[in-house]
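here is the input, now give the coordinates:
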Amino acid sequence: MAFGWGSDSSEARDVDVAVLTKRLEAAGFDLRYYNPSVRKTAFGLPRYIEKLLP
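The predicted structure follows:
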């Protein structure tokens, strides 16, 4: 299974881990693989890709 989404805004990348943690706790989900740190690091790119971006 995979989850994907796209946006032309960078705001989603800038959400603090503490905010994500609060949102997850409020939702009441007991997730096995996902946590806010995983989501935050999912936006990381290798340096060679960063250099290609404007």
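
may I have the longest helix seen in the chain as CSV, with CA atoms only?
The helix that spans the most residues within the chain, counting by DSSP state H, is helix 17-27. Taking Å, rounded to 0.1, in the frame of the first residue of the first chain, the C-alpha atoms of helix 17-27 are listed here in CSV:
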residue,chain,number,x,y,z
VAL,A,17,6.8,17.6,14.5
ALA,A,18,5.2,18.8,17.8
VAL,A,19,2.1,20.0,15.8
LEU,A,20,2.0,16.7,13.9
THR,A,21,2.2,14.7,17.1
LYS,A,22,-0.7,16.7,18.7
ARG,A,23,-2.8,16.1,15.6
LEU,A,24,-2.1,12.4,15.6
GLU,A,25,-2.9,12.1,19.3
ALA,A,26,-6.1,14.0,18.8
ALA,A,27,-7.1,11.7,16.0
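
what lies in contact with that helix?
Residues from elsewhere that reach helix 17-27 (CB atoms under 8 Å, 6 or more residues apart in numbering): 31, 35-37, 39-40. (C-beta placed from N, C-alpha, C; glycine too.)

give the buried residues for the next helix or strand after that helix.
Proceeding C-terminally, helix 17-27 gives way to helix 36-41 as the next helix or strand, assigned by DSSP states H and E. The neighbour-count criterion (16 or more other CB atoms under 10 Å) identifies Pro36 as the buried residues of helix 36-41.
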